[in-house]
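# fold the stuff below for me.
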Amino acid sequence: MTESRHQTGNGKGLAIATLVTIFATIVITQILNIIPPPGGELVAKLANGELSGVLILPANYAFAIWGFIYIGIIAYGFYQLQPNRRQENRLRQVDTLLIVACLFQIAWMVVFPLRMYWVAVVAMLGILLPLIGIYLKLDVGRAPADRKERWRVRIPFSTYLAWISVASIVNVACALFASGWDRAFLNDQNWTVVMLIVGAVIAGIAAIQRADTAFVLTFVWAYVAIAIRHNNLPAIWITALVASGVLLALLAVGRGKQRPIRESQPDRSTTRV
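Below is the predicted model of the structure:
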């Protein structure tokens, strides 16, 4: 893997700012999950109340994945703080994008409870686009990485991006629902099926082209939770479960295609710090 390690300063300030931003984001979002902004409502109460008609919402337990995401980005925060890491231009660019994503995540936690759903969609895009930039900068699934980088960088960001991808689809659905959109010729269930298929196509690309296990499994986690929440609606739960099975099959194919490439590459775990 080619890496840019030009030392334009030691990067200590940005590395510290990244770690502080990570912790600040986690603390603020957790507070707002308990105490909504003035005039707002708890996200969970909105999802289970006035937005319960949004059929692509997953079961409540699915949101526990945030614990895994937070642990992952904290691990990255300390990883990039190491003296030899903070001089990597590649990670410094990741840090900048992550800070942007974190700031928009805080913004989302303010505007969504205030029922500013279309503004929340914009905020969600402010999270999604930097994460896509990080994903491409890391070249996940294509560039080789040692075990430390896989677990402290690749897997956390793959999981984070996948969940935000699902959340972006859900956010658009919430905004349309709250706006009273009539969905043209589609009923609620058919529109949800279309959205599930769109999400599955995104995850399927990651499965085939990058064999990204964390990304695909995050989609499967979300889709199974959607199937469980709407187990009385066959069109939705069948689509969600079938899509999950197809994604797992595509992941197996993608990993099978990459295995000869991985086996032909030298093990870098002993050569990288």
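# can you map out the helices along the chain?
Using DSSP state H, the helices found in the chain span residues 12-34, 43-48, 65-81, 89-111, 117-138, 147-149, 155-178, 188-210, 213-229, 234-264.
# adding mean pLDDT, write those helices out as a markdown table.
Listed next are those as a markdown table, based on pLDDT from 0 to 100:
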| stretch | mean pLDDT |
| --- | --- |
| helix 12-34 | 96 |
| helix 43-48 | 93 |
| helix 65-81 | 96 |
| helix 89-111 | 96 |
| helix 117-138 | 97 |
| helix 147-149 | 92 |
| helix 155-178 | 95 |
| helix 188-210 | 93 |
| helix 213-229 | 97 |
| helix 234-264 | 85 |
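# format those helices as CSV; extra columns: mean neighbour count.
The C-beta positions use only the backbone N, C-alpha and C, and glycine is treated the same way. Putting the helices of the chain into CSV (neighbours: other C-beta atoms under 10 Å) gives the following:
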stretch, mean neighbour count
helix 12-34, 16
helix 43-48, 15
helix 65-81, 18
helix 89-111, 20
helix 117-138, 19
helix 147-149, 16
helix 155-178, 22
helix 188-210, 18
helix 213-229, 23
helix 234-264, 16
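# can I get these in JSON lines including distance to residue 54?
JSON lines is the format used below for the helices of the chain (distance: least, C-beta to C-beta, whole Å):
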{"stretch": "helix 12-34", "distance to residue 54": "19"}
{"stretch": "helix 43-48", "distance to residue 54": "8"}
{"stretch": "helix 65-81", "distance to residue 54": "19"}
{"stretch": "helix 89-111", "distance to residue 54": "16"}
{"stretch": "helix 117-138", "distance to residue 54": "10"}
{"stretch": "helix 147-149", "distance to residue 54": "37"}
{"stretch": "helix 155-178", "distance to residue 54": "5"}
{"stretch": "helix 188-210", "distance to residue 54": "8"}
{"stretch": "helix 213-229", "distance to residue 54": "10"}
{"stretch": "helix 234-264", "distance to residue 54": "12"}
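# which residue packs closest to residue 196, ignoring adjacent ones?
residue 239 (5.0 Å; C-beta to C-beta, 6 or more residues apart in numbering).
# okay but that neighbour is in contact with residue 197, surely?
Yes: the pair residue 239 / residue 197 is scored as a contact, 7.2 Å apart, by C-beta atoms under 8 Å.
# contacts only, for the nearest residue to residue 66 once chain neighbours are set aside.
Nearest non-adjacent residue to residue 66, counting by C-beta to C-beta, 6+ apart: residue 163, 7.8 Å away. Listed by C-beta atoms under 8 Å, 6 or more residues apart in numbering, the contact partners of residue 163 are 65-66, 69, 218, 222.
# against residue 40, how distant is residue 163?
Plainly put, residue 163 is 22 Å away from residue 40 if you go by C-beta to C-beta, to the nearest Å.
# one more: residue 147?
Distance from residue 147 to residue 40, by C-beta to C-beta: 42 Å.
# around residue 114, how many other residues sit close by?
15 (other C-beta atoms under 10 Å).
# give the contact list for it.
So residue 114 contacts 37, 39-40 (C-beta under 8 Å, 6+ apart).
# if any of those are buried, put those into a ChimeraX selection.
Buried residues within those, by 16 or more other C-beta atoms under 10 Å, are selected in ChimeraX with:
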select :40
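# show me which of the contacts of residue 114 is closest to residue 177.
Of all these, residue 177 sits closest to residue 40, with 18.0 Å by C-beta to C-beta.
# and the closest one, how far from residue 231?
To residue 231, residue 40 is 31 Å away according to C-beta to C-beta.
# residue 204 - nearest residue in space that isn't next to it in sequence?
residue 250 (5.1 Å).
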